[in-house]
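Participant: got a structure for you, letters missing:
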């Protein structure tokens, strides 16, 4: 196993009376796309900010490429890239000027700055708009420009904090290809996302954080296997929801998963279609007709709902 490029050891981050991270430890192998998922306020953005040297831990230690993020923060900043949740782009600069400004701040030579800007504008399909002010760019173009700017130094490690939020499906997929390209070129990518299909499609390994602690870890396939059996998913009309829940609780209350936002219930089908038939017969006996009922393999959504607890109040770090 390769030496970890990121090592987080017993890290706690306290903001006033909110503990954003609670004695968290993890290691990340080089050259992979590492997914970080969890509810809002779970500590994902706090961890990214710690790794990127923007804040310091209350206790514990963090190393990026063997460098301590507190004692060697300047050295760490020379080898990392960061694209936050919102594109940090000056509306009055052109795309080319934005990239050249970032390269200059990194003290790259004028020749390297010009060549790297041209290369990135082409790579991110921004060459035709290179000399237009960023205020004329679409949301997707802003995100691509922000990501391009973070790649001016060809970082060893790239932190992407929900980079596809708000993008249309086509632009999201284009950005996925860029992220895959980074990993192919040897950059380690840490990606936080609220889109579980994105985590399932892109990442090599996932850590699920809840209440500042690790709730689960593994490859996407491993995490889905933790739920074992197929799942029955049921949706009721509002008038039948309470009665329907009582029926399901009578069958297996311990393993019943309720998604309040989606208005659905999930129940493990330990015996596959036989369990499905048993549930259907219970509804028929209770004179309840579900709006939808289906049998399917567990997804990352199911893992997320099964492994995370009640929402917490978001701390300042998030």
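Facilitator: Ah, there it is. In this text, all values refer to a predicted model and were calculated from it rather than measured experimentally.

Participant: stretch 250-270: which residues count as buried?
Facilitator: Judged by neighbour count (16 or more other Cβ atoms under 10 Å), stretch 250-270 contains these buried residues: 257, 264-269. Glycine gets a C-beta too; all of them are placed from N, C-alpha and C.

Participant: now for residue 36, how many residues are close by?
Facilitator: 26 (other Cβ atoms under 10 Å).

Participant: run through who's touching the strand or helix carrying it.
Facilitator: For residue 36, the element it lies in under DSSP states H and E is strand 33-37. For strand 33-37, the surrounding residues in contact (Cβ atoms under 8 Å, 6 or more residues apart in numbering) are 6, 28, 44, 47-48, 179-180, 183, 188-194, 196, 199, 202-209, 300, 304.

Participant: coming back round to it: in strands only, show me the buried residues of stretch 250-270.
Facilitator: In this view, the buried residues of stretch 250-270 that belong to strands under DSSP state E are 257, 264-269.

Participant: ok, the buried residues of stretch 250-270 vs residue 167, which is closest?
Facilitator: residue 264 (25.8 Å; Cβ to Cβ).

Participant: that closest one and residue 231 touch, don't they?
Facilitator: No. Contact criterion Cβ atoms under 8 Å: residue 264 and residue 231 do not qualify, at 10.4 Å.

Participant: confirm that residue 189 sits in a helix.
Facilitator: No. Counting by DSSP: H, G, I helix; E, B strand; the rest coil, residue 189 is located in no helix; its state is strand.

Participant: quick one: mean pLDDT for stretch 251-264?
Facilitator: Stretch 251-264 carries an average pLDDT of 86.

Participant: how close does residue 305 get to residue 220?
Facilitator: When distance is defined by Cβ to Cβ, to the nearest Å, residue 305 is 15 Å away from residue 220.

Participant: those two: who's more crowded?
Facilitator: residue 220 (20 against 17).

Participant: where's residue 243 relative to residue 285, distance?
Facilitator: For residue 243 relative to residue 285 (Cβ to Cβ), the value is 12 Å.

Participant: of those two, who's got more company?
Facilitator: residue 243 (13 against 9).

Participant: spatially nearest residue to residue 79 (excluding sequence neighbours)?
Facilitator: Distance criterion Cβ to Cβ, 6 or more residues apart in numbering; nearest residue to residue 79, sequence neighbours excluded, is residue 156 at 4.5 Å.

Participant: count of neighbours near residue 289?
Facilitator: 12.

Participant: could you pull out the strands for the stretch 151-300 of the chain?
Facilitator: All strands of the stretch 151-300 of the chain, identified by DSSP state E, counting those that start in this stretch, fall at 157-161, 188-192, 205-210, 213-218, 230-235, 257-259, 264-269, 292-296.

Participant: turn those into JSON lines, columns for distance to residue 32.
Facilitator: JSON lines is the format used below for the strands of the stretch 151-300 of the chain (distance: least, Cβ to Cβ, whole Å):
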{"stretch": "strand 157-161", "distance to residue 32": "11"}
{"stretch": "strand 188-192", "distance to residue 32": "6"}
{"stretch": "strand 205-210", "distance to residue 32": "6"}
{"stretch": "strand 213-218", "distance to residue 32": "13"}
{"stretch": "strand 230-235", "distance to residue 32": "29"}
{"stretch": "strand 257-259", "distance to residue 32": "30"}
{"stretch": "strand 264-269", "distance to residue 32": "30"}
{"stretch": "strand 292-296", "distance to residue 32": "28"}
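
Participant: low-confidence stretches in the stretch 151-300 of the chain?
Facilitator: Of all residues in the stretch 151-300 of the chain, none has pLDDT under 70.

Participant: if you could redo that for the stretch 1-150 of the chain, that was the one I meant.
Facilitator: Under the criterion pLDDT under 70, the flagged ranges of the stretch 1-150 of the chain are 1, 87.

Participant: could you redo the last one with a cut-off of 90?
Facilitator: Residue ranges of the stretch 1-150 of the chain with pLDDT under 90: 1-2, 17, 40-41, 83-90, 106, 123-125, 138-144, 146-147, 150.

Participant: chain center to the top helix by length along the chain: distance?
Facilitator: As assigned by DSSP state H, the longest helix anywhere in the chain is helix 169-184. Its chain's average C-alpha position is 14 Å from that of helix 169-184, according to Cα atoms, centre = their mean, to the nearest Å.

Participant: in terms of secondary structure, what does it contact?
Facilitator: strand 33-37, helix 139-150, strand 188-192, helix 196-202 (3 or more Cβ pairs under 8 Å, 6 or more residues apart in numbering; DSSP states H and E).
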